[in-house]
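A.B. asks: coords below, sequence missing:
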Ligand SMILES: O=C(O)[C@H](O)[C@@H](O)[C@H](O)[C@H](O)COP(=O)(O)O
């Protein structure tokens, strides 16, 4: 695991934009396509906005990037809580992507059907390969969840399925989410976390005893890939570094 600490959320987004674009260019020297899992939540908004501007909008061969989502709230695409909507507004509508390479988690069908369909899409992409995504971007909630793997829910014990739907009582909505097993087959996972509200949880996730029921972010341990945490000083506040 590699920890990158930035002064504040603005610097963090700048560092991550530079880091990610270098990584994409490096990988694309060796292969034709790049598979990129986007995350929802607030933290990545600034990063997406930066990636849509110079120099990154020109530097990155967007048409060679295939986009996926880590999780989705089962609300219509037009709803502001929809993770795909946010990514389109901040990034995908502004750069030269190939619409055929964008794989949203559908919310116009039942959450179960959407999860099954997404699992099929992933199987078609990665079926026999040992490594899945080139890059998975993740966030962590103050409670230690990542993706839609929330503390105490059965989904944290999923060993087999790559995509599942679940009911989230606290938010009164269904979610569709990738599971830890598929994310752990990625070549690279990048977590973003900012703010002092995440400091104690971050310490528990990184330095604490393994307890996935309580801190599902601990489930993310790429088998053969890299794991990076990009955090700001406030989120890093409780770490001993
Ligand atoms: O749809 C979502 O809610 C997410 O994908 C979720 O896992 C998110 O990454 C964390 O909740 C962190 O969210 P913030 O960046 O808003 O703190």
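C.D. replies: Sure, I can see it. Bear in mind that the values here come from a model prediction, so they are computed numbers and not experimental data.
A.B. asks: in terms of helices and strands, where is residue 13?
C.D. replies: helix 9-28 (DSSP states H and E).
A.B. asks: can you confirm residue 164 is in a helix?
C.D. replies: No - applying DSSP: H, G, I helix; E, B strand; the rest coil, one finds residue 164 to be strand, outside a helix.
A.B. asks: how close does it get to the ligand?
C.D. replies: Noted for residue 164: a distance of 14 Å to the ligand, by CB to the nearest ligand atom, to the nearest Å. No exception for glycine: its C-beta is placed from N, CA and C like everyone else's.
A.B. asks: quick one, strands of this structure?
C.D. replies: With DSSP state E as the definition, the chain shows strands at residue ranges 2-6, 34-38, 65-69, 71-73, 135-139, 163-168, 173-178, 188-193, 226-232.
A.B. asks: got these as JSON lines, with mean pLDDT and mean neighbour count columns?
C.D. replies: Below are those laid out as JSON lines (pLDDT from 0 to 100; neighbours: other CB atoms under 10 Å):
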{"stretch": "strand 2-6", "mean pLDDT": "98", "mean neighbour count": "15"}
{"stretch": "strand 34-38", "mean pLDDT": "98", "mean neighbour count": "23"}
{"stretch": "strand 65-69", "mean pLDDT": "98", "mean neighbour count": "21"}
{"stretch": "strand 71-73", "mean pLDDT": "98", "mean neighbour count": "26"}
{"stretch": "strand 135-139", "mean pLDDT": "98", "mean neighbour count": "25"}
{"stretch": "strand 163-168", "mean pLDDT": "98", "mean neighbour count": "20"}
{"stretch": "strand 173-178", "mean pLDDT": "98", "mean neighbour count": "25"}
{"stretch": "strand 188-193", "mean pLDDT": "98", "mean neighbour count": "24"}
{"stretch": "strand 226-232", "mean pLDDT": "98", "mean neighbour count": "21"}
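A.B. asks: let's have these in JSON lines, adding distance to residue 150.
C.D. replies: Below are these laid out as JSON lines (distance: least, CB to CB, whole Å):
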{"stretch": "strand 2-6", "distance to residue 150": "24"}
{"stretch": "strand 34-38", "distance to residue 150": "18"}
{"stretch": "strand 65-69", "distance to residue 150": "17"}
{"stretch": "strand 71-73", "distance to residue 150": "10"}
{"stretch": "strand 135-139", "distance to residue 150": "13"}
{"stretch": "strand 163-168", "distance to residue 150": "7"}
{"stretch": "strand 173-178", "distance to residue 150": "9"}
{"stretch": "strand 188-193", "distance to residue 150": "16"}
{"stretch": "strand 226-232", "distance to residue 150": "20"}
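A.B. asks: which one of those lies nearest to residue 101?
C.D. replies: Residue 101 lies closest, by CB to CB, to one member of the strands of the chain: strand 65-69, at 4.3 Å.
A.B. asks: who are the packing partners of the closest one?
C.D. replies: For strand 65-69, the elements it packs on are strand 34-38, helix 83-87, judged by 3 or more CB pairs under 8 Å, 6 or more residues apart in numbering; DSSP states H and E.
A.B. asks: between these, which gets nearest to the ligand?
C.D. replies: Nearest of the helices and strands packed on strand 65-69 to the ligand, taken as CB to the nearest ligand atom: helix 83-87 at 5.0 Å.
A.B. asks: can you list contacts of the closest one?
C.D. replies: Here helix 83-87 makes contact (CB atoms under 8 Å, 6 or more residues apart in numbering) with 38-41, 45, 48, 67, 69, 71-73, 77-80, 104-105.
A.B. asks: what do you get if the cut-off is 6 Å, keeping everything else the same?
C.D. replies: Helix 83-87 is contacted by residues 38, 40, 69, 72, 77, 104 when judged by CB atoms under 6 Å, 6 or more residues apart in numbering.
A.B. asks: next one: stretch 184-195
C.D. replies: 9, 43, 131-140, 202, 220-223, 225-232, 234-235.
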